[in-house]
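Student: have a look at this prediction, sequence included:
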Amino acid sequence: MELYSELFVFNDQPTTCPSCGARTEIIFDMTHTRDVTQIHKCLSELCQREFVMVQEDDINNG
Ligand SMILES: [Zn+2]
């Protein structure tokens, strides 16, 4: 999956495109798996960037 070289972590805000800030749609949802990952696609016709969102549950470790 070289296309998805960057990972973005879910936060309190609705997910938006990291390139242009437009709304996104979920094109692949693996949040029910242990990877807890969603692949989003930018809804802007000019951008259409795809990126990966991950849940960072380990952040409270320690
Ligand atoms: Zn975009």
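Tutor: Nice, I can see it.
Student: spatially nearest residue to Pro14, not counting backbone neighbours?
Tutor: Arg23 (7.5 Å; C-beta to C-beta, 6 or more residues apart in numbering). C-beta coordinates here come from the backbone N, C-alpha and C atoms, glycine included.
Student: got a list of what that neighbour touches?
Tutor: By C-beta atoms under 8 Å, 6 or more residues apart in numbering, the residues touching Arg23 are 14, 16-17, 42-43.
Student: enumerate every residue touching the most centrally placed residue in the chain.
Tutor: For the chain, the residue nearest the mean C-alpha position is Met53 (2.4 Å; C-alpha atoms, centre = their mean). By C-beta under 8 Å, 6+ apart, Met53 lies in contact with 7-10, 15, 37-40.
Student: ok, so of those residues, who is nearest Phe28?
Tutor: Of all these, Ile39 has the smallest distance to Phe28: 3.9 Å, by C-beta to C-beta.
Student: then the helix or strand harbouring that closest one to CSV, C-alphas only?
Tutor: Assigned by DSSP states H and E, Ile39 falls within strand 37-42. Extracted in CSV, the C-alpha atoms of strand 37-42 (Å, rounded to 0.1, in the frame of the first residue of the first chain):
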residue,chain,number,x,y,z
THR,A,37,-8.5,1.9,10.0
GLN,A,38,-10.6,3.9,7.6
ILE,A,39,-9.6,5.0,4.1
HIS,A,40,-11.1,8.3,3.2
LYS,A,41,-11.4,10.1,-0.1
CYS,A,42,-11.6,13.8,-0.5
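Student: what's that strand in contact with?
Tutor: Counting by C-beta under 8 Å, 6+ apart, 4, 15, 17, 19-20, 22-31, 48-55 sit against strand 37-42.
Student: out of those, which are buried?
Tutor: 15, 17, 24, 51-53 (16 or more other C-beta atoms under 10 Å).
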